[in-house]
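A.B. asks: let me see the structure of the following:
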Amino acid sequence: MTIKVEHEMHNRRKSKNYGVFILLIAFVALVFGLTVVKVLQLGDAKMFEANDHVLRPALITADEVQQ
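C.D. replies: Next up, the predicted model:
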């Protein structure tokens, strides 16, 4: 039979680890939330595709050609 005694240092490390875990989850939630908001603001998937700063003839509409 083993006797398991936790030192005060283990409890402090455990609480710090929980704090780091909570901060990590908050950061991931923030990045996910910003991504969702950005994608929802674009509305159309072609707008999301057009943000690569490369001219592609397939994305040019007839109205843009006449101008």
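
A.B. asks: for the residue nearest to the spatial centre of the chain, give its distance to residue 16.
C.D. replies: Centrality entry for the chain: nearest residue to the mean C-alpha point is residue 31, 2.8 Å, by Cα atoms, centre = their mean. Using Cβ to Cβ, to the nearest Å, we find residue 31 at a distance of 23 Å from residue 16. Where you see a C-beta, it was placed from the backbone N, CA and C, and this is true even at glycine.

A.B. asks: same question for residue 39.
C.D. replies: With Cβ to Cβ as the criterion, residue 39 and residue 16 are 35 Å apart.

A.B. asks: what's the answer for residue 5, then?
C.D. replies: 20 Å.

A.B. asks: lowest average confidence, helix or strand, in this structure?
C.D. replies: When each helix and strand of the chain is scored by mean pLDDT, DSSP states H and E, helix 45-49 comes last, with a mean of 61.

A.B. asks: number of nearby residues for residue 42?
C.D. replies: Counted by other Cβ atoms under 10 Å, the residues lying close to residue 42 total 14.

A.B. asks: got it, and residue 40?
C.D. replies: 8.

A.B. asks: go on, residue 8?
C.D. replies: 7.

A.B. asks: just for the protein, where's the confidence low?
C.D. replies: 1, 44-56, 59, 62, 64-67 (pLDDT under 70).

A.B. asks: remind me, longest helix of it?
C.D. replies: Scanning the chain for the helix with the most residues, using DSSP state H, yields helix 8-42.

A.B. asks: what's that one packed up against?
C.D. replies: Applying 3 or more Cβ pairs under 8 Å, 6 or more residues apart in numbering; DSSP states H and E, we find helix 8-42 packed against no helix or strand.

A.B. asks: and it, how far from the chain's centre?
C.D. replies: Distance of helix 8-42 from its chain centroid, counting by Cα atoms, centre = their mean, to the nearest Å, is 11 Å.

A.B. asks: before we move on, what about stretch 31-44?
C.D. replies: Worked out by Cα atoms, centre = their mean, stretch 31-44 lies 10 Å from the chain centre.

A.B. asks: now do the buried residues in it.
C.D. replies: By 16 or more other Cβ atoms under 10 Å, stretch 31-44 has no buried positions at all.

A.B. asks: I appreciate the help and will end here.
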